[in-house]
Structure formats: structure tokens, C-alpha cells
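[1] No letters, just coordinates:
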Ligand code: HDE
């Protein structure tokens, strides 16, 4: 019988034209693939053919190589997280600015020279692992600090309050939020009956709903959102003194959202939008940074704040207790392997270090059980702390033994305490001032299944939030409520929700209700329902500026993406300087044209194209530049996708700068470059029309950079009339 021709076992040579990055990845791959073996190390000479009874015969059960490979593949998936399944993560470090010994003895909060390694995972809550990034949802913000005293996890969200007050309601909340059980729809969205049915019956969720309907839940980037520890924790110093503390993360890039229409479109154009954004920023050396802030409350003051600090549906206004900035977090390294790191990382609010402790917040208390329990099924057993991403970097030792997937080979015969056999002298861990000490809070109370009446005020802080929003933010909130409730098929649920909202603000409720085909909001009807509490604490503040996203503007345009729309005949001279100025200021400019390759400029040069109108869209960019050049402008005006690009950017209130003939592309919006006008005109917020030859040196750059720094121009005129 003729023998089949064999190819060499392994081929590993450099691809011609590979970039440095590709070469690195290639090197990593070939290191692993210098030869192919089974999991037992047996070399495999052929990875293309299973063992058969003759070349055309059945496969033999004996083929242990095939079976090992397929069995491993069959078990490649682990259960996804019940919530926060969709996430992205990065490595970095944390540094404290000043010693915090006055408040806490936590070692990593003492020395400004110490860099504590961290792993940070951002996530959405409702969607499955493969769902889109830009859905309307709360974002998780989990930080694992690998400290010298053990791992400390700060497992927070990008919203400072929560939907419910008691952990016992969490499964109900999540069941209501997740796709409906009969048809598994909708994916990664709260805009459906079961969610609004539940929250409209749980008035304690009203405050969080206000945040959820704000632009906080459609962030422009993980790098541009705040983080919050949500619960009240304790700092304990070396003398054992306790202070209550709330944790905040403040992004250096400012806090920015997307337009809702844009967020929905991105879900289709690039479901990995936030994942890609984080990855590319770190990959290009633009390391995202946050500052850690704390609100510290002396014991005894907590009763005078006007609400209960153990209630996770309440926040402490920053105008009442200012946030002290105490350190910074920098993310500077992407994971090497998504599964091994991002997927297998196990966070837990109970991973503490000495000097940090809990409060009796009943939501937090329930979490302390849940996070270990969930890892047992997700990561397959009690040894998930041995996975490299979860392993403490300080020495650790105890007498836990065995169990699924055990890695450690413990030596000797002693696996109990106290003992004398380990070292020959008595080893006993039975009290002492070292290590973690729970704060000795005095508890004298009856065993009771009831909420504290101090948790009863469900609306004051929702009103505070509403009052603190800018007019534009109020418009967005109303639009979001309308959108979500318009997807609710049962009119009674819509009605119940707007009746509740009447207790937040009557104007808000009336505006939300107007297009929903229901009756006017009725505050009294809401007050008559079970679960409602007719109780309002006297307000401590009427407004708090820090609750508005506009309180956290961007300092610059670093990493903002500018799309430059060109075709053959583009006038390079008019925008070369502007492009350079944008890049010098940290923006990333991409050339978009009808085809890949190059376009020929009006002076005959070749300009390299990054994207076509087919493979990208305006929703991938923060700003748009349309340079001059009669032929380029005329050609682009005939390309529907190019015209749509500009219209859509206009609708999403993005900065647009059009030079000379490029203004033609904005013709359908009614803009022209008036002969008598200024060299740089701004006919509506963030739209710059410039006569590049007349404008003074640098004037256009200055105006465009200022417009991009402002991020979105929500006050722009006639946005709703734009057909994009
Ligand atoms: Fe979580 N939560 N949660 N949660 N949570 C999980 O743990 C849970 C809550 C948060 O990136 C799960 O390992 C209960 C509040 C984040 O891996 C699970 C209650 C806050 C993440 C769980 C809450 C959070 C989780 C799912 C009410 C903001 C993602 C997988 C008592 C402070 C962590 C896992 C990551 C994940 C339970 C409420 C934030 C099931 C029972 C409040 C950021 O254990």
C-alpha cells in the first residue's frame, strides 16, 4: 500500500512583514509549540488525522490522543458568572499618597513608596459572557490588591447605591432583570416586563433606578467612569479605633457617557467596544488611572447624617462629607490569557486585610456568604485560591487539605492545630493581637426578621439626585425611563412605575408618563400599595454638584478618537497642522476613505488610509474632521455612508470640524461657509466651520481641541430632526 506523504511535524518560521507585536505573540506561540505532546508529555507526530481502521475506515476507540484532545475541548467552558458574566480586566498597581495610619493599619495604605500590584475587572451585570459591552447596565468595578498582608478585594460598581437593602432580595432582583425564563429574552437589557414589575413593587429601588436611567449606565469607556465601594466599611487603626468609610474611584480622564442611540448601534458595530478600548489604551501606553477617595465618618456622627449608613440604597453626599483623595491606581498591563486571568479571577468582599472591616449593612453581610459559594461551582471546588490569578503574593499557610484540583503538595503529617509534631514545640493559634481582628462592636438585640425603620425613606435621595442633574442630564433621564417603560407590555406596570416616580418629582413623573399611553401619575395610588413607606427624612442638602457627571469634566483630549474623512483630491496642507496638533494633544487620528490603500492628495502625495466607510462608523469616533479639497468634498458628498457619518456624529452631539470645501458634507444640515463670516465659525455647539487659509495660525486647532475636551455638546440644536 502506498504510504501517505508526510509533512514535517512542526513548522515555525517568522511571517514576512510581521510587526513587533505579532512577532512577540508568535514567539509565545512557538515556544509552546516547539513540539506537540499529550498532557502526559508524549510527543504527537500527527495532529491532523485520527487513528482509523484503514484510510477510509471507522475511527478506533483506541485513539487515546484523539480522545484526550476532544475530552479537554468538551470541558473548556465553565459556568459563567450568574451576574457580571461579561467582563474585561487588566493588571496594574496602587500607590497611597500619604500614610493613613491615623485611620487604618492596613499595610498597603501606609507607605507612598510601596507599589501594590492589582488586578482590576470591569463588567456589565445582566448580560451573558458574549453579550455586547454598551448595553444600558450598571458596571462592576472590582479591584484585587495583592498586598503583603494578603489579598484585599474592593468589589464595587460604577454607581454608589444599590437596588435593594437586604441580601435576601438579590435572587429576586436578578431573576427579574435577567432574560425572561420562558423565552430567554431580552439579552443584557432591563427594558422588559419582569424587571419593571419587580422594581415598581420595590420602592427602595427608586434611587438606584435614577442612576440606572442616567448616562452613567452607558459609559463612553471603562476608563471614564467612577467606581464606588457602595457599602459602608470600617477603617481600624493600630489602637483599635474605628471610623466608618466609603470608597470612591475617580477617573483621571473625566466621567463621560455615550448617546443612547449610539450605544445601541455600537452593540452591533463592535460588541467588544469597551473591551477593545481598554485593551488598546493599555497596549498603546495610555495607562488608565483613577484616584482612590475616601469619605471618613467618625463613630457617633453616623446618626446625624439624616439617613442610615447601613442602608445601601443611600449615599453620603460629598458636600456633607468631602472625599479625601488618598492614592492612585494605574492599569499598565493587559492579561496574557483571558480565561486564566479575567475569567478565573475570584473576587470576594470578604477578602480583607487587617485595618479594614465590615459594617452591619445587611446587603454586604449577605455578599460575604455568596462569593465563596459561587466560586465553588464556577471554579469547581474549594481550591480556587491556588489558581495563579487568585493566589496571595505573601506567604500563606493553614491546615486545609485536599479537595478538587488541589495544587499544593503539603509535606509532613501534621494537618491540624494545635500540634507539637510540626516543629517539636507547641504550635497554637488561640487569640492574640496579631493579624485580622474583627471590630468588637457591641451587639445587644433580639433575633428578628425585620428592617430597621431608619431604612424606610425610599425617595429623598432619589429627589436629591434628580435636583442635582443639569437640564440636559434630566432630559436624558426622562428619555431613558420612557424608552425602558415603552418596552414594558403590561400597562399596569408602566402606571405603577410613574406613580412611584411622582414621589421623586411630579414634573419628572409627568414627563416620563406623557408618551406611554397611560394615565397621569398618581402619587396617592403609589402610597396606597404594599411595600410603600410614607416616610421622608428631613433633607440634609437639596442639591449636590458631585452627583452630576458634568462635575467631572475631562482635563484634555488624550486617547479621544478623531475620524478624518477624505477622498482623492483632499487638500493635505489645510489639515496637516491640525492633525499634528490633535496628535500632540494625545488624540488618535484615523484616515477614513471610500477604499483602503492610499488616496492621492491635491498636491499629488499619497495618504495612507486606515479605515473605509464600510468597515467603521461614526459611532467608533469621538470627533470628526472633514478637510478641504474640492474633488475630495465633491466625491464624499456622493458617498451615502460618508454623508451619514457626519449626520450621525452631529446627532450624537460630537465635535465636528469642517474646513473649506469640506463644509459641503454638512450641506444637508444647512451649514455653509459664509464668505463674510469669521475664519472659524461655530453655528451650533461643537460644530466648527473654518476657512483654513484665512484662520490665524493654530486658531482652528485651539477651537477644535477645546470642543473635543468638552466631549459631547448635548445642548446642540435640532438634533432630533437629523435622519441618522
Ligand atoms: Fe455581587 N455577585 N452580589 N454585588 N458582584 C457577584 O460573584 C451578590 C452586589 C459585584 O468581576 C457574584 O464571583 C449578592 C453589590 C461585582 O468577578 C455573586 C449580592 C455590588 C461582581 C454575587 C450582590 C456587587 C459581582 C457572581 C447581594 C456592588 C463581579 C460571580 C447581597 C458593591 C466580580 C461572582 C468579578 C459578582 C453575589 C450585590 C458587585 C453571585 C448575593 C451591592 C463587581 O457571588
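    Cool, got the structure. What you are looking at is a predicted structure, and each value in this text was computed from that prediction instead of being measured.

[2] Can you name the residues that contact the residue of the stretch 501-650 of the chain found nearest the ligand?
    Here the residue of the stretch 501-650 of the chain nearest the ligand is residue 547; by CB to the nearest ligand atom that distance is 17.8 Å. All C-beta spots, glycine's among them, are computed from the backbone N, C-alpha and C. Each residue near residue 547 by CB atoms under 8 Å, 6 or more residues apart in numbering is listed here: 317, 464, 465, 468, 469.

[3] Out of these, grab the one that's most surrounded.
    The most neighbours of any of the contacts of residue 547, using other CB atoms under 10 Å, belong to residue 465, which has 26 neighbours.

[4] helix or strand for that one, which one?
    According to DSSP states H and E, residue 465 maps onto helix 460-467.

[5] who touches that helix?
    161, 206-207, 209-211, 306-307, 313-315, 317, 474, 477, 503-505, 508, 536-537, 539, 541-544, 547.

[6] pLDDT on it, on average?
    Mean per-residue pLDDT for helix 460-467: 97.

[7] Off-centre distance for it?
    Centre-to-centre, helix 460-467 and its host chain are 24 Å apart (CA atoms, centre = their mean, to the nearest Å).

[8] got it, and stretch 322-332?
    17 Å.

[9] again with stretch 608-618
    Averaging C-alpha positions (CA atoms, centre = their mean) puts stretch 608-618 26 Å from its chain's average.

[10] ok, and what's touching that stretch?
    For stretch 608-618, contacts defined as CB under 8 Å, 6+ apart pick out 265, 269, 563, 566, 590-599, 624, 639, 641-642, 644-646, 648-649, 652, 654.

[11] Try it again at 6 Å.
    Contacts with stretch 608-618, where a contact means CB atoms under 6 Å, 6 or more residues apart in numbering, come from 269, 590-593, 595-596, 598, 641-642, 645, 648-649.

[12] which among those end up buried?
    269, 591, 592, 593, 641, 642, 645, 648, 649 (16 or more other CB atoms under 10 Å).

[13] hang on, the second one in a strand?
    Same thing as residue 591. Yes - counting by DSSP: H, G, I helix; E, B strand; the rest coil, residue 591 falls inside a strand.

[14] who are the neighbours in contact with the residue in the stretch 1-150 of the chain that the ligand sits nearest to?
    In the stretch 1-150 of the chain, no residue comes nearer to the ligand than residue 140, which is 2.7 Å away by CB to the nearest ligand atom. Contacts for residue 140 (CB under 6 Å, 6+ apart) come out as 84, 123, 157.

[15] which SS state does it fall under?
    Classification of residue 140 using three-state DSSP returns strand.

[16] partners of it in the sheet?
    With DSSP bridges as the criterion, residue 140 is bridged to residue 123, residue 157.

[17] so how far is residue 194 from it?
    Distance, residue 140 to residue 194, by CB to CB, to the nearest Å: 22 Å.

[18] Same question for residue 200.
    Residue 200 sits 11 Å away from residue 194, going by CB to CB.

[19] Around the ligand, which positions in the chain sit nearby?
    81-84, 87, 121, 123, 140, 142, 155-157, 162, 167, 170, 230, 312, 345-347, 363, 366-367, 370-371, 374 (CB under 6 Å from any ligand atom).

[20] before we move on, what SS does residue 434 have?
    Per three-state DSSP, the secondary structure class of residue 434 is coil.

[21] need the contact list for it.
    Counting by CB under 6 Å, 6+ apart, residue 434 touches no other residue.

[22] Compile the buried ones among the contacts of stretch 608-618 into CSV and extend it with columns for pLDDT.
    As requested, the buried ones among the contacts of stretch 608-618 are arranged in CSV below (pLDDT from 0 to 100):
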residue, pLDDT
269, 97
591, 98
592, 98
593, 98
641, 97
642, 97
645, 98
648, 98
649, 98
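
[23] Could you list the low-pLDDT ranges of the chain?
    Low-confidence segments of the chain (pLDDT under 70): 1-19, 21-33, 675-676.

[24] Residue 651 contacts residue 722, correct?
    Yes - between residue 651 and residue 722 a contact is recorded at 4.3 Å, counting by CB atoms under 6 Å.

[25] When those two are compared, which one has more neighbours?
    In this view residue 651 and residue 722 are compared by other CB under 10 Å, and residue 651 has more residues nearby, 21 against 16.

[26] measure the more buried one to the ligand for me?
    Residue 651 sits 33 Å away from the ligand, going by CB to the nearest ligand atom, to the nearest Å.

[27] residue contacts, that residue?
    Contacts of residue 651 (CB under 6 Å, 6+ apart): 719, 722, 724.

[28] So which of the residues you listed belong to helices?
    Residues of those located in helices (DSSP state H): none.

[29] Kindly reformat these as CSV containing distance to residue 255.
    Shown next, in CSV, are the contacts of residue 651 (distance: CB to CB, whole Å):
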residue, distance to residue 255
719, 21
722, 26
724, 26
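
[30] so which of the residues you listed would you say is closest to the ligand?
    Proximity of the contacts of residue 651 to the ligand (CB to the nearest ligand atom) peaks at residue 719, which lies at 33.8 Å.

[31] where do the helices sit along the stretch 351-500 of the chain?
    Secondary structure of the stretch 351-500 of the chain, counting by DSSP state H, counting those that start in this stretch: helices at 362-378, 460-467, 471-486, 491-501.

[32] what's the closest of those to residue 711?
    helix 471-486 (12.0 Å; CB to CB).

[33] Tell me which residues are up against the closest one.
    191, 213, 214, 215, 494, 511, 512, 515, 516, 714.

[34] Columns secondary structure and neighbour count on top of the residues you listed, output as JSON lines?
    What follows is the contacts of helix 471-486, written out as JSON lines (DSSP: H, G, I helix; E, B strand; the rest coil; neighbours: other CB atoms under 10 Å):
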{"residue": "191", "secondary structure": "coil", "neighbour count": "16"}
{"residue": "213", "secondary structure": "coil", "neighbour count": "22"}
{"residue": "214", "secondary structure": "coil", "neighbour count": "23"}
{"residue": "215", "secondary structure": "helix", "neighbour count": "24"}
{"residue": "494", "secondary structure": "helix", "neighbour count": "26"}
{"residue": "511", "secondary structure": "helix", "neighbour count": "20"}
{"residue": "512", "secondary structure": "helix", "neighbour count": "27"}
{"residue": "515", "secondary structure": "helix", "neighbour count": "10"}
{"residue": "516", "secondary structure": "helix", "neighbour count": "17"}
{"residue": "714", "secondary structure": "coil", "neighbour count": "21"}
